[in-house]
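# Provided below are the primary sequence and the corresponding predicted coordinates.
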Amino acid sequence: MTTRRQLLGAAGMAIAAPAGLAVAAPGFVNWPVMTLLDGQVLKPEDWRDMAAVLVFWTTWCPYCRRHNARIDRLHRVSAGANLRVLGVALDGDAAAVKRYMRAGNYSFPVLAGMPGLRDQFTSRQMVPMTCLVDRQGRLRQQIPGEMAEDDVLGLASLSQSDKP
């Protein structure tokens, strides 16, 4: 059976230059300094040789709630691998995002409301939006909508890919 991820295929590679963020080479992600909800600071060098799954979501989206439960499982099973899972809550209210994370018992790292970041990954406005970055820092795919659990857990293979 063909998975939704396989049907979607690789998305376009164009990356817009968001306001306040430096421009990376076409197709490559320019990681900004990010302060997560828990106070951890991620610097550009923290992404070196690290694949990434970024999920853009909101607290009011029922599809995001189910998708985030799967993303949390991915975060837990990929601990120690060269894969960083990061949720990007588009809600600007950090306190509401923290309540949402506690209520869902989610442990994956979250960034709340960083204007311009989403533009570097996609121009599409739907949620959830899952973006995949390989270990070389190239944006490989944008997957709109809720994904099945097997497809989400299959994203752990990004950490093993050394192919350019």
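In hand now; what should we look at? Owing to the predicted nature of the structure, the values given are computational and were not obtained by experimental measurement.
# spatially central residue for this protein, please.
Centroid-nearest residue in the chain, with Cα atoms, centre = their mean: Leu54, separated by 0.4 Å.
# now do that residue, the pLDDT please.
If you check Leu54, the pLDDT there is 97.
# Leu42: how many residues sit nearby?
For Leu42, the neighbour count with other Cβ atoms under 10 Å is 17. Any C-beta I mention is one placed from the backbone N, CA and C, and that applies to glycine too.
# next, count neighbours for the closest residue to it other than its chain neighbours.
Nearest residue to Leu42, sequence neighbours excluded (Cβ to Cβ, 6 or more residues apart in numbering): Met34, at 4.6 Å. A count of neighbours around Met34, defined by other Cβ under 10 Å, yields 18.
# Pro115 now?
By other Cβ under 10 Å, the residues close to Pro115 number 12.
# could you look up the SS state of it?
coil (DSSP: H, G, I helix; E, B strand; the rest coil).
# pull the longest helix from this protein.
In the chain, taking DSSP state H as the definition, the longest helix is helix 62-77.
# helices and strands around that one, which ones?
Here helix 62-77 touches strand 51-57, strand 83-89, helix 94-104, helix 149-154, going by 3 or more Cβ pairs under 8 Å, 6 or more residues apart in numbering; DSSP states H and E.
# okay, and the beta partners of Leu139?
Assessed by DSSP bridges, Leu139 has beta-bridge partners Val133.
# ok, it touching Asn30?
No: contact criterion Cβ atoms under 8 Å: Leu139 and Asn30 do not qualify, at 10.4 Å.
# those two - which one has more neighbours?
Set Leu139 next to Asn30 and count neighbours by other Cβ under 10 Å: Leu139 wins out with 25 against 16.
# any stretches of the chain with poor pLDDT?
Scanning the chain for pLDDT under 70 picks out the ranges 1-26, 161-164.
# ok, now with 90
1-27, 80, 92, 113-116, 158-164 (pLDDT under 90).
# related to what we said a few turns ago, grab the nearest non-local neighbour of the residue nearest to the centre of the chain.
Closest residue to Leu54 apart from its sequence neighbours, by Cβ to Cβ, 6+ apart: Cys131 at 4.6 Å.
# number of residues surrounding that neighbour?
22.
# does it belong to a helix, a strand or coil?
Strictly by three-state DSSP, Cys131 counts as strand.
# could you check how far Ala112 is from Gly27?
27 Å (Cβ to Cβ, to the nearest Å).
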